[in-house]
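K.L.:
Everything below, folded, please.
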Amino acid sequence: MQGHKQILVVDNNAVRRHQLETVLAFVGEHFISSEPSELVKTFKSLDNVLTVIFAGELNEDAVALISNNPDCPFLLHDVVDQHAIEHKVNVLGELTVPLNYAQLTEMIHHCHQYHNKLPNKKGKSAGHTKLFRSLVGASKPMQQVRFLIEQVAKTSANVLILGESGTGKEVVARNIHNLSERAKAPFVPVNCGAIPGELLESELFGHEKGAFTGAISTRKGRFELAEGGTLFLDEIGDMPQPMQVKLLRVLQERTFERVGGSKSIKANVRIIAATHQHLEEMIKAGDFREDLFYRLNVFPIETPALRERKEDVPLLLQELINRFEAEQNQTVRFTEKAIESLMEHPWSGNVRELSNLIERMIIMYADQVVNVSELPSKYQHIDIEEYQPEYPEELQEKEAINELFAGFDYDDEDDSDSADESEQTEASGVMVDVLPDAGINLKEYLAELEVSLITQSLSKTEGVVARAAELLGMRRTTLVEKMKKYSLPKE
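P.N.:
As a prediction, the model looks like this:
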């Protein structure tokens, strides 16, 4: 009985208690009975209580037990005075008199669900010593995946992980391994689609010296390397048919031979397989063995696509940013609008695509804040007005001077000596007078030049200020301010 959840029956009426015990035994539940006077002592002695069924009268100890144990569900049977506990939500219901089999099993199911969905249990699941990395999320699909992982990890059952590329199938497999009794043994991944079919047998089972050309020494395969641990067969759908037969034999007999060898080697290995393909359709097409499918598909887990759990994008975003910050000592932040835009993206590459985007943003905008306009165009699903800073006129004039004189070669004395004062030199695409010996008033000169260029741009665009601003490479509002400054007409 150790390890099973037990039902504690509390009743001072021997006949009624016996009826309860008979029905519980019939439905296959583990239980223990107690007198009301021994309630506290008996309850403390139990490690794994599913529920407590109170029958008859509720004494002070019973009321106190219900109040002090909100993480435990309670049931009532033939209790007359329920006034003291009428507002206690952990009292799930009352069993009918006489007992009804269907209602009893339903109430027991409710008790199991009460334990499974405890809030503190969710917290513990999310913090398993850095487990569930990249499996963060509050969505129902991710809660279900984490629940299935915890349930199957404790067993030795084969697991088949299904899902699109980039949804974290290997992450699921590693978490199953890390939560299992095999955690201290090796976790050995094999990508069946990345190894040529003729080499896959040697890769999985190893080979003896001289087994084939190039086999200059004995080599252990992945099954031997994973002894006592977990072998993760990724992209199992790409495994050739001949290898499927040999893998099936190993799963059935738990033994194998190296290529070129005759000695049987025992395989104490847990198999976790994964694929993005639809194996049922492959079976119909004759590309995958049905018997192997049922050997692997003992406990299927389907990893949801990111587009099916868009509400998890902000949590995933922060988790991945924290990881990059720890690994690269660089980070990036996103505005609320940028996050909203990312939540609208279809994410065909799933979590892997999101991770790649964050790495790209860190390279481009390390330690900065990224808005929608900084995201690559295909991730911009929200229209916002892009921020264009206004700069003081002194900075703009300084930049204009730098551009004006960019490209001058001041060391070219031959040209300057032979040039006439009225000769013009082309620099950076602008015709600029050579500085006369007497000098000039640079500010007045630049103002005249600016007025001349603005006038020409307005003339060429027939007075359309927006188009004139484009010709001058400036914002429309800036051009309007300069026209006001120089009292230039708008037409």
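
K.L.:
The longest helix along the chain: how far from the chain's middle?
P.N.:
With secondary structure taken from DSSP state H, the chain has its longest helix at helix 442-460. Mean C-alpha position of helix 442-460 versus that of the full chain (C-alpha atoms, centre = their mean, to the nearest Å) differs by 57 Å.

K.L.:
do stretch 436-445 as well
P.N.:
From the chain centre to the centre of stretch 436-445 is a distance of 65 Å (C-alpha atoms, centre = their mean).

K.L.:
Extract the C-alpha trace of the longest helix of the chain and format it as PDB.
P.N.:
Taking C-alpha atoms only, helix 442-460 is exported to PDB below (Å, rounded to 0.1, in the frame of the first residue of the first chain):
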ATOM      1  CA  LEU A 442      31.300  82.000 -43.500                       C
ATOM      2  CA  LYS A 443      27.900  82.400 -41.800                       C
ATOM      3  CA  GLU A 444      26.600  84.800 -44.400                       C
ATOM      4  CA  TYR A 445      28.100  82.700 -47.200                       C
ATOM      5  CA  LEU A 446      26.300  79.500 -45.900                       C
ATOM      6  CA  ALA A 447      23.100  81.400 -45.400                       C
ATOM      7  CA  GLU A 448      23.200  82.700 -49.000                       C
ATOM      8  CA  LEU A 449      24.100  79.200 -50.200                       C
ATOM      9  CA  GLU A 450      21.200  77.700 -48.200                       C
ATOM     10  CA  VAL A 451      18.700  80.200 -49.500                       C
ATOM     11  CA  SER A 452      19.900  79.500 -53.100                       C
ATOM     12  CA  LEU A 453      19.500  75.700 -52.700                       C
ATOM     13  CA  ILE A 454      16.100  76.000 -51.000                       C
ATOM     14  CA  THR A 455      14.900  78.400 -53.800                       C
ATOM     15  CA  GLN A 456      16.200  76.000 -56.500                       C
ATOM     16  CA  SER A 457      14.500  73.000 -54.800                       C
ATOM     17  CA  LEU A 458      11.200  74.900 -54.600                       C
ATOM     18  CA  SER A 459      11.400  75.900 -58.200                       C
ATOM     19  CA  LYS A 460      12.100  72.400 -59.400                       C
END
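
K.L.:
Surely residue 325 touches residue 331?
P.N.:
Yes - assessed by C-beta atoms under 8 Å, residue 325 is found in contact with residue 331 at 4.3 Å. For the C-beta atoms, the positions are set from N, CA and C on the backbone; glycine is no exception.

K.L.:
Nearest residue to residue 453 in space, ignoring adjacent ones along the chain?
P.N.:
Closest residue to residue 453 apart from its sequence neighbours, by C-beta to C-beta, 6 or more residues apart in numbering: residue 472 at 6.6 Å.

K.L.:
give me every residue that touches that neighbour.
P.N.:
In this structure, residue 472 makes contact with 453, 454, 457, 479, judged by C-beta atoms under 8 Å, 6 or more residues apart in numbering.

K.L.:
same check, this time on residue 162
P.N.:
Going by C-beta under 8 Å, 6+ apart, residue 162 touches 169, 274, 275, 276, 300, 301, 302, 303.

K.L.:
In the beta-sheet assignment, what are the partners of it?
P.N.:
Residue 162 has the following beta-bridge partners by DSSP bridges: residue 275, residue 302.

K.L.:
same deal with residue 52?
P.N.:
residue 8, residue 74.
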